[in-house]
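S.K.: Okay, sequence plus prediction incoming.
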Amino acid sequence: MKTILSFLVLFISLNTFSQVKKLEATNKVTGKSVYFEDGQRVKLTTSDRKKMVGFLTINDLQTISVNGIETKTENISSIKYFPKGGRTAKNIFLGAGASLLAGSGVAAAFSDGSAFALFAGGTASIITGSLLNNKNKSLIYRNYMFKIVEQ
């Protein structure tokens with residue numbers, strides 16, 4: 001009986017002391033919340049327009065830091081999940097589209113018949129690149145309230 005009681009006290013104490021701090025962004029209209037955990041890679045913009053990309057660290061109930069640069073939760077202008085390497089395909093499409101558009105300008109200057117095809121391909125490539133990787137939306141302070149919670 002003592003061992004069962006000891007294990008029960010151990011599990012309750014582990015659960016009590018293992019609370020994790022998270023940055024909660026709550027939509028002001030719908031009330032839905034998005035959570036950012038300690039160690040996630042984010043892109044953060046502060047109210048004084050400083051932009052930071054890096055790993056999120058939650059210092060206390062009012063302060064977070066991204067790559068060692070601290071900011072208060074009330075100074076967050078926007079934040080989004082920003083995984084490393086997720087924009088590779090987007091950048092390839094945008095670069096290829098830009099080069100095709102430049103090529104269409106050169107072809108048009110020499111009255112080449114392929115200018116329109118290059119222009120259409122470049123435009124399609126840029127549109128495709130702009131639509132890629134838009135699943136992680138920026139959460140903006142006008143629409144969201146930011147606070148640190150313990151879960």
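M.R.: On my side now, so go ahead. Bear in mind the structure is a predicted one, so any value in this text is a computation, not a measurement. Numbers count the residues shown, from 1 in each chain.

S.K.: what helix or strand is residue 118 on?
M.R.: Following DSSP states H and E, one finds residue 118 within helix 115-131.

S.K.: neighbouring contacts of stretch 75-90?
M.R.: Here stretch 75-90 makes contact (Cβ atoms under 8 Å, 6 or more residues apart in numbering) with 23, 25, 36, 40-49, 53, 64, 129-130, 132-133, 136-141, 146. Every C-beta, even on glycine, is put in place using the N, C-alpha and C of the backbone.

S.K.: Just want the phi and psi numbers for the nearest residue to residue 139 once chain neighbours are set aside.
M.R.: Excluding its sequence neighbours, the residue lying closest to residue 139 (Cβ to Cβ, 6 or more residues apart in numbering) is residue 25, at 4.6 Å. For residue 25, the backbone dihedrals are phi -110, psi 110 (criterion: degrees, to the nearest 10).

S.K.: need the contact list for residue 25.
M.R.: Listed by Cβ under 8 Å, 6+ apart, the contact partners of residue 25 are 33-36, 79, 139, 144-146.

S.K.: would you turn those into JSON lines with pLDDT and secondary structure?
M.R.: Supplementary listing: the contacts of residue 25 in JSON lines, determined by pLDDT from 0 to 100; DSSP: H, G, I helix; E, B strand; the rest coil:
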{"residue": "33", "pLDDT": "91", "secondary structure": "strand"}
{"residue": "34", "pLDDT": "90", "secondary structure": "strand"}
{"residue": "35", "pLDDT": "91", "secondary structure": "strand"}
{"residue": "36", "pLDDT": "90", "secondary structure": "strand"}
{"residue": "79", "pLDDT": "91", "secondary structure": "strand"}
{"residue": "139", "pLDDT": "82", "secondary structure": "strand"}
{"residue": "144", "pLDDT": "92", "secondary structure": "strand"}
{"residue": "145", "pLDDT": "90", "secondary structure": "strand"}
{"residue": "146", "pLDDT": "91", "secondary structure": "strand"}
